[in-house]
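In: I'd like to go over a predicted model; first the sequence, then the structure.
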Amino acid sequence: MLLKNSARFSHRLSNIFQPVSVIPKDAEIKRQDITSKSQRLMLELGIIKQASPGCFHFLPLGVKALEKLTNLVDEEMKRIGGQKIIFPTLTNSKLWEISGRLETVSSELFKIKDRHDHGYILSPTHEEAASSLIASLSPISYKQLPLRLYQITNKYRDEIKPRFGLMRGKQFLMKDMYCFDVDTTAAKQNYDQICNSYDNIFKKIGIDFIKVLGSSGTMGGELSHEYHYKADIGEDKILTCPKCSYSANTEISGEKQCPKCGNQSIEISFGIEVGHTFLLGDKYSKPFKATYLSSNGKPEVLQMGSYGLGLSRILAAAVEVLSSEQEIRWPPSLAPYNVIILPPKRGSKEEQHLKDSNAVESLYARIEEISSLKNNVLIDDRIGLTIGKRFLDAKRNGYPYIIALGKKITQDPPLYEIVNLDKNEQLYLSENSLLDYIQTHASSSSSSGEASAISI
C-alpha cells in the first residue's frame with residue numbers, strides 16, 4: 001500500500017487538529033461581527049477559534065506559524081545582544097501610580113485584587129516593571145550598559161470593542177524590549193540600531209512595510225516610530241510625501257501638506273500598526289530612581305527606550321494583506337508548512353503503479369533534507385479523496401508549494417506536478433529537477449524576505 005509506512009511521519013494532515021468550518025449567513029456569530037478577511041479565513045480554516053470577544057484559541061497551524069515568527073524575532077534580538085527575560089504578567093498597581101499612568105490609561109487596564117486587597121494590573125506593557133527591576137539593583141555599573149532586555153509574552157488590554165480578530169483583541173502576543181543607556185547620545189544610537197534590527201525583521205517576514213514618525217501618546221518620550229502594513233481596514237492614517245519621502249502618522253502632522261517640505265500633493269493611506277518604538281529618556285527611570293554608577297563614581301539617571309512588536313497582530317495582518325476573500329496566503333517565512341505532498345487516490349491506477357515503491361516516503365525525506373524545509377513538509381494522507389479535491393484544499397490553506405503525484409507519475413521517467421502559489425506557476429518535473437526547483441525557490445524565500453521598506 002502506498003502509505004504503508006506513513007505512521008512514521010509526524011507531519012500528516014490526518015493527524016492535525018484543524019476544525020475546518022464555514023460560517024453561514026445565518027450563523028449565531030453574526031457575519032457583520034467578522035470585519036476582516038483574515039479573521040474569517042483564520043476561523044474557517046481552523047487556525048484560530050474564538051474563546052470570547054477579543055480572546056482566541058491558537059490551534060496547531062496557528063501555533064506553528066506563530067513559532068516561526070517568534071524564532072525569527074529571537075534570532076534577530078540575539079544578534080544585537082538582546083537578553084530574553086520574562087516579567088510577571090501581574091504588575092503591582094503601585095508601580096503604575098509611580099509612573100502616573102494608572103489614571104491616564106485607566107479605562108484600558110484590567111485591574112484585579114488579591115485576597116489581601118492588594119491591587120494588580122494584567123500588564124498591557126512593562127515599562128514600569130522594567131524600570132522597577134533595574135531600580136532594585138541600582139546603581140549598576142556603566143560597564144554593564146547598554147542593557148537590552150526583551151520578552152515575548154501575552155499582554156492584556158480592555159478594548160472597548162474588540163474587532164478584526166487577532167488585530168485588535170483583549171489578549172495578544174507581544175515582543176517588547178526595554179533598553180537602558182548612559183546618556184541621550186548613547187540612547188539615540190541604540191534606538192537607531194534597534195530600529196534597523198526591526199527593519200531586518202520585517203524584511204525577513206517578506207511583506208512590504210512602511211516606517212513612519214508616530215505619536216508617543218501616553219507612553220511619553222521624545223521620539224517615536226511606527227511600523228505599518230498598508231491595508232484598507234487599517235485604523236491609522238499615514239501621510240506620505242512623494243516629493244521628499246517624508247512619512248508620518250496623521251496624528252502628528254495632519255492631512256493638508258508635508259510638514260517637512262510644504263508639498264500639498266501628499267498621499268494618505270491606511271495602515272495596520274504592527275510595531276512601535278519609543279525613545280523615552282528618563283520618563284520612567286527617573287521616578288523609579290533607576291540609576292547607574294558613572295565612570296567618575298557618581299550615580300546618574302538611566303536613559304531608556306521601549307520597542308514593541310505585536311506578534312499575533314503581525315500574523316493576522318500578513319494574512320490580511322496577502323489573502324484573497326476565499327483563499328489564505330502566507331509569506332513563506334510564516335507558512336505553517338511550506339510544502340504539501342498529495343499522494344494518489346486510493347484505488348487509482350497511479351496508486352497501483354506505485355504500490356511497490358516508496359515514492360512518497362522518498363520524496364518526503366529528500367525534501368526534508370533541505371535545511372530550510374526541515375519540519376516544514378506535510379503529507380495530505382486523506383487518500384480516500386481525489387487529488388483534485390485535496391489540491392483545492394491545499395490551495396485554500398495557502399501552502400506555498402503543492403506537489404501532486406498525478407497521472408504523469410506513471411510515465412517513464414515519472415513526473416511530479418508542482419504548483420508555486422506565489423508565482424502562480426505550474427510545472428511537471430522529474431524528482432531531481434523538482435528537488436532542485438524547491439531548493440532554489442523555497443530556500444531563498446523562506447530564509448530571506450524580499451520585502452521593501454518605505455521610511456522617513
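Out: Alright, I've got the coordinates. Residues are numbered from 1 along each chain as shown.
In: And the strands in the stretch 251-400 of the chain?
Out: All strands of the stretch 251-400 of the chain, identified by DSSP state E, counting those that start in this stretch, fall at 267-281, 291-293, 299-301, 303-310, 339-342, 377-379.
In: Compare those strands and give me the one nearest residue 385.
Out: The minimum distance between residue 385 and the strands of the stretch 251-400 of the chain falls on strand 339-342, with 9.4 Å, by C-beta to C-beta. Bear in mind the C-beta positions are built from the backbone N, C-alpha and C, glycine included.
In: Need the residues that contact the closest one.
Out: Applying C-beta atoms under 8 Å, 6 or more residues apart in numbering, the set of residues contacting strand 339-342 from outside is 13, 360, 363-364, 367, 373, 376-380, 387, 390-391, 394, 399-406, 438, 442.
In: In its sheet, which strands sit next to that strand, and in what direction?
Out: On the basis of DSSP bridges, the sheet neighbours of strand 339-342 come out as strand 377-379 (parallel), strand 401-404 (parallel).
In: right, and the ones you listed - which one's nearest residue 159?
Out: Put simply, out of the strands paired with strand 339-342 the one that sits nearest residue 159 is strand 377-379, at 34.8 Å, with distance taken as C-beta to C-beta.
In: OK, contacts around residue 102?
Out: Going by C-beta under 8 Å, 6+ apart, residue 102 touches 93, 96, 109, 121.
In: at 10 Å instead, please
Out: By C-beta atoms under 10 Å, 6 or more residues apart in numbering, the residues touching residue 102 are 93, 94, 95, 96, 109, 111, 119, 121, 128.
In: Wasn't residue 172 part of a helix?
Out: No - counting by DSSP: H, G, I helix; E, B strand; the rest coil, residue 172 is not found in a helix; it is strand.
In: pretty sure it is touching residue 125, no?
Out: No - taking contacts as C-beta atoms under 10 Å, residue 172 lies outside contact range of residue 125: 11.1 Å.
In: Overlap in contacts, the two.
Out: 155, 156, 157.
In: Just to check, the last one is in contact with residue 170?
Out: Just to be clear, that refers to residue 157. Yes - contact status for residue 157 versus residue 170: in contact at 6.3 Å, counting by C-beta under 10 Å.
In: Can you pull the residues that touch both of these two?
Out: Shared between the contact lists of residue 157 and residue 170 (criterion: C-beta under 10 Å, 6+ apart) are residues 54, 110, 122, 124.
In: So which of the residues you listed wins on neighbours?
Out: By neighbour count, taken as other C-beta atoms under 10 Å, the most surrounded of those turns out to be residue 54 (20 neighbours).
In: Mind putting the strands of the stretch 251-400 of the chain into TSV with distance to residue 253 and mean neighbour count?
Out: As requested, the strands of the stretch 251-400 of the chain are arranged in TSV below (distance: least, C-beta to C-beta, whole Å; neighbours: other C-beta atoms under 10 Å):
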stretch	distance to residue 253	mean neighbour count
strand 267-281	11	21
strand 291-293	36	21
strand 299-301	31	16
strand 303-310	22	25
strand 339-342	45	26
strand 377-379	47	24
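In: Residue 104: which of those is closest?
Out: strand 267-281 (15.0 Å).
In: That closest one relative to strand 303-310, how many degrees between them?
Out: 140 degrees (axes from the mean of the first three to the mean of the last three C-alpha atoms, to 10 degrees).
In: Run me through the strand neighbours of strand 267-281, direction for each.
Out: Looking at strand 267-281 with DSSP bridges, what it pairs with is strand 223-230 (antiparallel), strand 236-240 (antiparallel), strand 303-310 (antiparallel).
In: Closest one of the shared contacts of residue 157 and residue 170 to residue 198?
Out: The nearest one, if we look at those relative to residue 198 and count by C-beta to C-beta, is residue 124, at 20.0 Å.
In: next structured bit after the lengthiest helix in the chain?
Out: As assigned by DSSP state H, the longest helix anywhere in the chain is helix 184-205. Counting by DSSP states H and E, the next helix or strand C-terminal to helix 184-205 is strand 209-213.
In: for that next one, which positions count as buried?
Out: Of the residues in strand 209-213, those buried by neighbour count under the rule 16 or more other C-beta atoms under 10 Å are 209, 210, 211, 212, 213.
In: and the second one, how far is that from residue 422?
Out: In other words, residue 210. Distance of residue 210 to residue 422, given as C-beta to C-beta, to the nearest Å: 22 Å.
In: Repeat that for the first one.
Out: Relative to residue 422, residue 209 is positioned 18 Å away (C-beta to C-beta).
In: Now do residue 351 against residue 413, distance only.
Out: Here residue 351 is placed at a distance of 19 Å from residue 413 (C-beta to C-beta).
In: Assess the claim that residue 384 and residue 348 are in contact.
Out: No - taking contacts as C-beta under 10 Å, residue 384 lies outside contact range of residue 348: 11.1 Å.
In: any idea which element residue 116 lies in?
Out: Per DSSP H and E: nothing holds residue 116, as it lies in no helix or strand.
In: how deep is it tucked in, by neighbour count?
Out: 5.
In: cool, the one 3 residues further on as well?
Out: By other C-beta under 10 Å, 15 other residues sit near residue 119.
In: Give me the pLDDT for the nearest residue to it once chain neighbours are set aside.
Out: Of all residues not flanking residue 119 in the chain, residue 93 sits nearest, at 3.6 Å (C-beta to C-beta, 6 or more residues apart in numbering). The pLDDT attached to residue 93 in the predicted structure is 97.
In: distance of residue 93 from residue 123?
Out: Following C-beta to C-beta, the distance that separates residue 93 from residue 123 is 11 Å.
In: so what sits against both of these two?
Out: With contacts taken as C-beta under 10 Å, 6+ apart, the residues that reach both residue 93 and residue 123 are residue 109.
In: The two: who's more crowded?
Out: For residue 93 versus residue 123, the count of surrounding residues by other C-beta under 10 Å is larger for residue 123: 25 against 18.
In: so what's residue 110 up against?
Out: Contacts for residue 110 (C-beta under 10 Å, 6+ apart) come out as 120, 121, 122, 123, 124, 156, 157, 158, 170, 171.
In: Could you rerun that using 8 Å?
Out: 121, 122, 156, 157, 158.
In: How about the fourth one: what's its closest non-neighbour residue?
Out: To tie it back to what came earlier, the one meant is residue 157. Leaving aside its sequence neighbours, residue 157 sits nearest to residue 124 (C-beta to C-beta, 6+ apart; 4.6 Å).
In: Which strand or helix spans that neighbour?
Out: Secondary structure assigned from DSSP H and E places residue 124 in neither a helix nor a strand.
In: Show me where the stretch 51-200 of the chain has its strands.
Out: 55-58, 83-84, 90-92, 110-113, 119-122, 140-141, 147-156, 171-181.
In: returning to that earlier point: make a markdown table out of the shared contacts of residue 172 and residue 125 and add pLDDT and distance to residue 431.
Out: Supplementary listing: the shared contacts of residue 172 and residue 125 in a markdown table, determined by pLDDT from 0 to 100; distance: C-beta to C-beta, whole Å:
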| residue | pLDDT | distance to residue 431 |
| --- | --- | --- |
| 155 | 97 | 47 |
| 156 | 97 | 50 |
| 157 | 96 | 51 |
